[in-house]
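Enquirer: kindly generate the corresponding structure for this input.
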Amino acid sequence: MTRLRLLSVLLALSVAAGAQAKETPSHLTPFANEAAFQDYLAKVRKAEQKRQAEQERKWRRERAKQGQMIYPAPMSPPPPPPPAPPAAAEAAAPASDAITNVQTAGVEEGGIVKKLGDYLIVLRRGRLFTIKAGPDELRPVDSIDAFGPGIDPGGAWYDEMLISGRTVLVIGYSYARGGTEVGLFHVDDAGRLSYRNTYHLRSNDYYSSRNYASRLVGKQLVFYSPMRLGVMGDAPMLPAVRHWRDGGGEFKRILPATRIYGSGQELQAYDATLHTVTVCDIRDGAELDCRATAVLGSSGRVFYVAADTVYVWLAPVRTPRWRGAPIGDSALLRMPLGGGEPQALRVAGAPIDQMSFLERDGHINVLVGRDAGGEGMWRSDGKTGPIALFRAPLRLFGGAQASSAPEHYRPLPGVGGWSLQNRFVGDWLLYGNPYSDAPAYAVAYARTGQPVALDLGHRSERIEALGGDALIVGNRGGDLVFSSIRLDGTATAMTGYIERNAAQSESRTHGFFYQPKGVREGILGLPMLTGGDGRGGAAVKYLRNRDLRLGDLGQLAASPQGRLDDGCRASCVDWYGNARPIFVGERVYALMGYELVEGRIIDGAVTERRRVDYSPRGNGR
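Expert: I've put the predicted structure just below:
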């Protein structure tokens, strides 16, 4: 598609919605009372029943035409589970207790390893582990089930962990109980773990192959979760919470009708979804006090958490084949963490994932694709179609009729294919194709001017920040290439580092970490598989950045291990990966499965100092 045609497509998309309303309400409108909301639900159920009946009639007519015996219409099968990730390596953490590669400073993301003083807390395969990682020792301390006593973990996945003070919060989803589980544990001064409480929040599955369900902002635990309405019976589930006691507990609804808002989208009944943001205050004594706000909209979604606001981009479940899909097909929500009224903006297309967002200097900036369908489950890895940079001032947000305009969309060169990678770094947006060595691009999002083509000669499988500069990692043939990108007045690709016969083993953002040591100086770590096909084993690779010239520091490798019978009862597949690089002062660590390896950098090389097996078998528990 030529740039001229792409521009005409984007303009058609915009103009089709009409001019932006001159005056709009300052926020979305909630339901007046419970009766009004129940009336809406009754209409949704009626419309869904009508749709299903029509589908049944159509199916029967088609079968009759073919002269086939009529059986009951088949139910749609559930989506298949995601493919098991390859065996991976794990890594270490920095001098502060912040060891997670996060998108927004001050917004901690749920992960599989966190740091508390001299202790590393690891969530793996349905268990919590503590490891003493002090200056002069490395030893397993304690382990405990990541679910409470009396809770059957069958059908549950415990994927994310956060720490607030000495409270460890384990976030999981239970298909058996139909909701999000929050387990609260205590870590004492000696690293011993004890169970405190479990809370159960009703929700649909929050899984995303790229995003994380939970955030911690100060003492506030923040969740985003969807709740489909059109597929439910006469008594639909609504967001509620219960304190798990003695095998159960009574659910208490935390979403009154007066905190449910319309988005202005034209909804099909089967697609009607409550997009819910739940904020829980973490009280002393490991108690949670939760409240929720929800907006009705289409089921396609991507969410992004800024310092004081949750953004949710709502997109149709089936993105229109576009001959100019109009503004208004999608909606962008602003949902304040402080409990203020949500606002909306009518928009077009959809982001690829949460990395497509940046709120800065009174504007929201988002990379959008015509064919993108949100990030639910594995949709982020789908086709994006023509792309554009959406940039609009926050003052445009308002009620359901507040709308963006054509000038807010800037057509960008496409990179083709699927599963586009993108990230805002400093004053720039970078994006590229993970399946081809087509050039990546850097866009100064707040300035006019042409995007800068970065002809790296390798795939763009990962885009990360190196302070105010960037790093693009990807394969070229059988080699793994690290290319640093200088970002100042323009974007310039520097000479890359090549790791022969290797590939990265973690695709999620948390698999990478960069420890700055000064201006344009620091150390980075990334899990990888060696030997090209991975048969060489798992390791964590370390590189030194000196003025964006990357030098080899070596690697910490995993021990060859056979299959371990660890008695796993829950979360027995590492959907979130199992390898991380960790930096603690001058020490580096590689977390790889059940191994934690400590290294030190001596004479420009990482040297292994010691390692520990913290598995249930290895630590004697």
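Enquirer: which pLDDT value goes with the residue minimising distance to the centre of the chain?
Expert: The centroid of the chain falls nearest to N211 when counting by Cα atoms, centre = their mean (0.7 Å). At N211, the model reports a pLDDT of 82.
Enquirer: how near is it to Y158?
Expert: Look at N211 and Y158: by Cβ to Cβ, to the nearest Å, they are 17 Å apart. To be clear about C-beta, it is placed using only N, CA and C from the backbone, and glycine gets the same treatment.
Enquirer: and the helices in the stretch 301-450 of the chain?
Expert: Assigned by DSSP state H, counting those that start in this stretch, the helices in the stretch 301-450 of the chain number zero.
Enquirer: give me the below-cutoff pLDDT ranges for the stretch 451-600 of the chain.
Expert: In the predicted model, the stretch 451-600 of the chain carries pLDDT under 70 at residues 532-535, 562-563.
Enquirer: quick one, helices of the protein?
Expert: All helices of the chain, identified by DSSP state H, fall at 3-15, 34-65.
Enquirer: who are the neighbours in contact with L229?
Expert: Taking Cβ atoms under 8 Å, 6 or more residues apart in numbering, we find L229 in contact with L41, V44, P236, A272, T273, L274, L296.
Enquirer: which of these tops the neighbour count?
Expert: Comparing those by number of neighbours (other Cβ atoms under 10 Å), T273 comes first, having 26 neighbours.
Enquirer: now the residue lying closest to it once chain neighbours are set aside: how far from P25?
Expert: The spatial neighbour of T273 that comes closest, neighbours along the chain excluded (Cβ to Cβ, 6 or more residues apart in numbering), is S299 at 4.4 Å. Shown here: S299 relative to P25, a distance of 25 Å by Cβ to Cβ.
Enquirer: these two: who's more crowded?
Expert: Per other Cβ under 10 Å, whichever of S299 and P25 has more neighbours is S299, with 25 against 15.
Enquirer: wait, that one sits on D205?
Expert: No: using Cβ atoms under 8 Å, S299 is not in contact with D205, being 11.8 Å away.
Enquirer: which of the helices of the chain has the lowest average pLDDT?
Expert: Ranked by mean pLDDT, those end with helix 3-15 at the bottom, a mean of 38.
Enquirer: run through the stretch 201-350 of the chain and note the low-pLDDT ranges.
Expert: Filtered on pLDDT under 70, the stretch 201-350 of the chain yields the residue ranges 230-236, 246-247, 266-270, 285-286, 317-328.
Enquirer: in the stretch 51-200 of the chain, where is pLDDT below threshold?
Expert: If you take pLDDT under 70 as the line, the stretch 51-200 of the chain has these spans: 63, 65-96.
Enquirer: that one: strands as residue ranges?
Expert: Applying DSSP state E, counting those that start in this stretch to the stretch 51-200 of the chain gives strands spanning 108-109, 113-116, 119-124, 127-134, 137-145, 156-164, 167-174, 179-187, 193-202.
Enquirer: just put those strands in JSON lines and tack on distance to G369 and mean neighbour count.
Expert: Below are the strands of the stretch 51-200 of the chain laid out as JSON lines (distance: least, Cβ to Cβ, whole Å; neighbours: other Cβ atoms under 10 Å):
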{"stretch": "strand 108-109", "distance to G369": "24", "mean neighbour count": "22"}
{"stretch": "strand 113-116", "distance to G369": "32", "mean neighbour count": "22"}
{"stretch": "strand 119-124", "distance to G369": "33", "mean neighbour count": "24"}
{"stretch": "strand 127-134", "distance to G369": "38", "mean neighbour count": "22"}
{"stretch": "strand 137-145", "distance to G369": "42", "mean neighbour count": "18"}
{"stretch": "strand 156-164", "distance to G369": "27", "mean neighbour count": "22"}
{"stretch": "strand 167-174", "distance to G369": "27", "mean neighbour count": "24"}
{"stretch": "strand 179-187", "distance to G369": "29", "mean neighbour count": "23"}
{"stretch": "strand 193-202", "distance to G369": "31", "mean neighbour count": "19"}
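Enquirer: dump those strands into TSV; add distance to Q450 as well.
Expert: TSV is the format used below for those (distance: least, Cβ to Cβ, whole Å):
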stretch	distance to Q450
strand 108-109	34
strand 113-116	42
strand 119-124	45
strand 127-134	48
strand 137-145	51
strand 156-164	40
strand 167-174	43
strand 179-187	45
strand 193-202	47
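Enquirer: which of these sits closest to G362?
Expert: Relative to G362, the nearest member of the strands of the stretch 51-200 of the chain by Cβ to Cβ is strand 108-109, separated by 24.6 Å.
Enquirer: now do the closest one: distance to the chain's middle.
Expert: Offset of strand 108-109 from its chain centre (Cα atoms, centre = their mean, to the nearest Å): 10 Å.
Enquirer: for that strand, packing partners?
Expert: strand 214-217 (3 or more Cβ pairs under 8 Å, 6 or more residues apart in numbering; DSSP states H and E).
Enquirer: the strand it packs on pairs with which strands, parallel or anti?
Expert: Using DSSP bridges, strand 214-217 pairs in its sheet with strand 108-109 (antiparallel), strand 220-228 (antiparallel).
Enquirer: in CSV: the ones you listed, plus distance to R370.
Expert: Converted to CSV, the strands paired with strand 214-217 look like this (distance: least, Cβ to Cβ, whole Å):
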stretch, distance to R370
strand 108-109, 29
strand 220-228, 23
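Enquirer: as CSV, could you dump the C-alpha coordinates of stretch 170-179?
Expert: Taking Å, rounded to 0.1, in the frame of the first residue of the first chain, the C-alpha atoms of stretch 170-179 are listed here in CSV:
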residue,chain,number,x,y,z
VAL,A,170,0.1,-13.9,44.4
ILE,A,171,-2.3,-13.3,41.5
GLY,A,172,-3.9,-16.2,39.7
TYR,A,173,-6.9,-17.2,37.7
SER,A,174,-9.1,-20.2,38.6
TYR,A,175,-11.2,-21.7,35.8
ALA,A,176,-12.9,-24.0,38.4
ARG,A,177,-14.0,-21.0,40.5
GLY,A,178,-14.5,-18.5,37.6
GLY,A,179,-12.4,-15.6,38.8
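Enquirer: not counting sequence-adjacent ones, nearest residue to E108?
Expert: What sits nearest to E108 in space, not counting adjacent residues and going by Cβ to Cβ, 6+ apart, is L216, at 4.2 Å.
Enquirer: was I right to think Y173 contacts Y207?
Expert: Yes: counting by Cβ under 8 Å, Y173 touches Y207, with 6.9 Å between them.
Enquirer: which neighbours do the two share?
Expert: By Cβ under 8 Å, 6+ apart, the residues touching both Y173 and Y207 are W157, A213.
Enquirer: correct me, but the residue nearest to E108 touches V222?
Expert: Yes: with contact defined as Cβ under 8 Å, L216 and V222 form a contacting pair (7.2 Å).
Enquirer: which non-adjacent residue is nearest G155?
Expert: A176 (3.8 Å).
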